[in-house]
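Chemist: mind looking at a prediction? Sequence and model below.
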Amino acid sequence: MSTTTGKILGGTGRYLDDRLHGARGLRTFLRKIFPDHWSFLLGEIALYSFIILLLTGTFLTLFFQPSMTDVVYHGSYTPLDGVHMSQAYASTLDISFDVRGGLLMRQIHHWAAILFVAAIVCHLLRVFFTGAFRKPRELNWVIGVVMFTLAFTEGLFGYSLPDDLLSGTGLRILEGVLLSIPIVGTYLSFFLFGGEFPGHDIIPRLYVIHILLIPALLLALISAHLFLMFHQKHTQMPGKGHTDANVVGQPMYPYFMAKTGAWFLFIFGVTALLSTFAQINPIWIYGPYNPSGISAGSQPDWYMGFLEGALRMWPSWHWNVGGYSFAFNVFVPALVPLGALLTGLAVWPFLEQWITGDRREHHVNDRPRNAPTRTALGMAGVTFYGILWLEGANDVVSRFLNISLYLTTEIARYAIFIGPVVAYWVTKRICLGLQRKDNHLLEHGVETGIIRQLPNGEYVELTKPVSEEMRAVLASRAERPQIEAPDGDDVPAARGPVGKLRGSLNRVLTENIPLPHGNGHGNGHGNGHAAEPTAVTAGDAHPDGPEPADGDGAGA
């Protein structure tokens, strides 16, 4: 940097600091430490996908016409020349074929939307399985669940804007869901569509919600999410020297800024490559929306597939009571699974805290195996979601496997109950088995591949104590606190039916394999016949944290 440039920048900095007094805050910001673990990049994918959505969406708004006025198309796509269509669909065709770079921007926007929701889902799963939602981050977890809800709602409204046959079919399903709501369904449908379906107001209304309302809410929530993350500091994965009182990683400047800048360019590059070589949402193939038109194999974007599957799976239950129609075959599958999923996610941090009685602050994450019940419940939920999602394409599955469409539906109706139970049981067994493996490593060390013959003729393999870094990870499983009674005494459960239920849930949720005694030292080869380097205790592996109270490496 030249002397002149340095003087200019220095003078500008002093001028701003004299008036805004921001130098101290900026120094603190630039010195903030970020843990160096790959799983933390999932949240950044969601953030940078959202930025790509804002940039490409701004470009598209310059050319899109959110109007359902009937026009006759005479554009570059000759197969639709002379066809009546809405102005929204015609402008989407113009963006795709007549605006320079328009089709690329449309595809980048669509791919970024899919990546945005996928990254949020993966980020939520990472936070759930590692327990990063625990105190003091419950509010940030709820914000994440709300952002997930807004993200797939934004996607639904976004791909409905072109007014093609596929998106129109989705809107028709949305109208059916609204109509299925008892008593007020008709009013809600008329309010959204401005009259009978499809009406002339739905596209302009969705357009305002899609480009103004939901993006503004998402921007506000993302800002709050990041502010809380900065204020409460990052969680970190278990490791040597990682405690609830520190953050081990790299500073914001220059390391993290360089890494995250490169990560943004990589995400943008991958999205652009996908948009260049992988066609998505070719609305010119579907044609303009016509309520009488149907097509086989039509699927929504992946994040709406589980609701589609629930609708296809549910039996045809329909009641007429007191002159009112209760379409449970639409209302229940469309709203109950979604409500159960979102509500369950939102209340879980508070429910887990109530069950365990654990009100400590946590800044070091759990390994998923160290919370087997939580991990098993998460996998049961993923299995439940996956079965619904797969059933959303039951016609495609049926054709591909050459089996009856009704058979795929029947299988799904059984699998939706059996699958989550099996996933829960298998996942919990795996987690407990992995805990036993960790205990074995702590007690006996790692294999060296060296075979020794003992004087009695027995052959044994020599082992060596695990490294300090591995010991810190293996011994990171903490003992769960007992539930506190209302009077403050520590007892296994409070009195009364609710207390007994809480105690039972506590025993299930905190089930673990106890850590081995003896400070977790390896013994050479498991029988004390070989001298090995002195092992390091769990307390030594965490110099910034408290020593274990009982000397067994469990930690508090």
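Modeler: Okay, I see it.
Chemist: can you list the weak-confidence ranges in the stretch 1-150 of the chain?
Modeler: 1-2 (pLDDT under 70).
Chemist: which residue ranges of it form strands?
Modeler: 33-34, 70-72, 84-86 (DSSP state E, counting those that start in this stretch).
Chemist: out of those strands, nearest to residue 242?
Modeler: Closest to residue 242 of the strands of the stretch 1-150 of the chain is strand 33-34 (CB to CB; 11.6 Å). Every C-beta, even on glycine, is put in place using the N, C-alpha and C of the backbone.
Chemist: before we move on, the earlier item: a markdown table for the strands of the stretch 1-150 of the chain, including distance to residue 324 and mean neighbour count?
Modeler: Output for the strands of the stretch 1-150 of the chain, formatted as a markdown table (distance: least, CB to CB, whole Å; neighbours: other CB atoms under 10 Å):
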| stretch | distance to residue 324 | mean neighbour count |
| --- | --- | --- |
| strand 33-34 | 56 | 18 |
| strand 70-72 | 36 | 13 |
| strand 84-86 | 34 | 20 |
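Chemist: wait, which of those is closest to residue 275?
Modeler: Nearest of the strands of the stretch 1-150 of the chain (CB to CB): strand 84-86, 24.5 Å.
Chemist: give me phi/psi at residue 324?
Modeler: Backbone geometry at residue 324, expressed as degrees, to the nearest 10, gives phi -110, psi 140.
Chemist: dump the strands of the stretch 1-150 of the chain to JSON lines, plus distance to residue 187.
Modeler: Listed next are the strands of the stretch 1-150 of the chain as JSON lines, based on distance: least, CB to CB, whole Å:
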{"stretch": "strand 33-34", "distance to residue 187": "50"}
{"stretch": "strand 70-72", "distance to residue 187": "28"}
{"stretch": "strand 84-86", "distance to residue 187": "25"}
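Chemist: go through those and name the closest to residue 371.
Modeler: strand 33-34 (24.3 Å).
Chemist: strand partners of the closest one, parallel vs antiparallel please.
Modeler: Sheet pairing of strand 33-34 (DSSP bridges) gives strand 250-251 (antiparallel).
Chemist: hmm, who's touching the partner strand?
Modeler: 30, 31, 32, 33, 34, 36, 256, 259 (CB atoms under 8 Å, 6 or more residues apart in numbering).
Chemist: so for the helix or strand just after it, mean pLDDT?
Modeler: For strand 250-251, the following helix or strand on the C-terminal side (DSSP states H and E) is helix 257-277. If you average the pLDDT over helix 257-277, you get 95.
Chemist: return the distance of helix 257-277 from the chain's centre.
Modeler: Its chain's C-alpha centre lies 20 Å from the corresponding centre of helix 257-277 when counted by CA atoms, centre = their mean, to the nearest Å.
Chemist: buried ones in that helix?
Modeler: For helix 257-277, a neighbour-count test (16 or more other CB atoms under 10 Å) marks 260, 263, 264, 267, 268, 271, 272, 274, 275 as buried.
Chemist: just to revisit the earlier point, out of the strands of the stretch 1-150 of the chain, nearest to residue 59?
Modeler: The nearest among the strands of the stretch 1-150 of the chain, by CB to CB, is strand 84-86 at 21.2 Å.
Chemist: can you report how many residues lie near the residue nearest to residue 74 when sequence neighbours are not counted?
Modeler: Setting aside the residues directly before and after it, residue 74 is nearest to residue 81 in space (CB to CB, 6 or more residues apart in numbering), at 5.9 Å. Under the neighbour criterion other CB atoms under 10 Å, residue 81 is assigned a count of 11.
Chemist: then residue 364?
Modeler: Neighbour number of residue 364 under other CB under 10 Å is 24.
Chemist: residues contacting it?
Modeler: 235, 236, 237, 238, 242, 243, 244, 476.
Chemist: beta partners for it?
Modeler: residue 236.
Chemist: what does the pLDDT read for it?
Modeler: Note on residue 364: pLDDT of 92.
Chemist: go on, residue 430?
Modeler: On the pLDDT scale, residue 430 is placed at 97.
Chemist: pull the longest helix from the chain.
Modeler: helix 405-444 (DSSP state H).
Chemist: which positions within that helix qualify as buried?
Modeler: 408-409, 411-412, 415-416, 419-420, 423-424, 427-428, 430-432, 434-435, 438-439, 441-444.
Chemist: how far away from the center of its chain is that helix?
Modeler: For helix 405-444, the distance to the chain centre is 20 Å (CA atoms, centre = their mean).
Chemist: mind giving me the packing neighbours of it?
Modeler: Packing contacts for helix 405-444, counted by 3 or more CB pairs under 8 Å, 6 or more residues apart in numbering; DSSP states H and E, involve helix 305-313, helix 372-391, helix 394-401, helix 468-474.
Chemist: and for residue 287, nearest residue in space, chain neighbours not counted?
Modeler: residue 165 (5.3 Å).
Chemist: how near is the one you found to residue 288?
Modeler: Distance, residue 165 to residue 288, using CB to CB, to the nearest Å: 7 Å.
Chemist: neighbour-wise, which of those two wins?
Modeler: Ranked by neighbour count (other CB under 10 Å), residue 165 and residue 288 place residue 288 first, with 24 against 20.
Chemist: bridging residues for that one?
Modeler: Applying DSSP bridges to residue 288 gives these bridge partners: residue 164.
Chemist: and of the buried residues of helix 257-277, the nearest to residue 161?
Modeler: Within the buried residues of helix 257-277, the smallest distance to residue 161 is 17.9 Å, found for residue 275 (CB to CB).
Chemist: enumerate every residue touching that closest one.
Modeler: 104, 107, 108, 110, 111.
Chemist: which of the residues you listed sits closest to residue 76?
Modeler: Closest to residue 76, out of all of those and judged by CB to CB, is residue 104, at 15.7 Å.
Chemist: contact partners for the closest one?
Modeler: Contacts of residue 104 by CB under 8 Å, 6+ apart are 272, 275, 276.
Chemist: redo that, cut-off 6 Å
Modeler: Contacts here follow CB atoms under 6 Å, 6 or more residues apart in numbering; on that basis residue 104 touches residue 275.
Chemist: going forward, count from 12.
Modeler: Okay, residue one is now 12; in that scheme the one you just asked about reads as residue 115.
Chemist: do you know how far it is from residue 248?
Modeler: In terms of CB to CB, residue 115 sits 38 Å off from residue 248.
Chemist: same check, this time on residue 302
Modeler: For residue 302 relative to residue 248 (CB to CB), the value is 53 Å.
Chemist: between the two, who's got more neighbours?
Modeler: residue 248 (20 against 11).
Chemist: doesn't residue 376 make contact with the more buried one?
Modeler: Yes: assessed by CB atoms under 6 Å, residue 248 is found in contact with residue 376 at 5.5 Å.
Chemist: just the pLDDT for residue 537.
Modeler: On the pLDDT scale, residue 537 gets 44.
Chemist: typed the wrong thing, it's residue 403
Modeler: Looking at residue 403, its pLDDT stands at 90.
Chemist: now swap in residue 474 and tell me
Modeler: Note for residue 474: predicted pLDDT of 88.
Chemist: ditto for residue 422
Modeler: The per-residue pLDDT of residue 422 was computed as 94.
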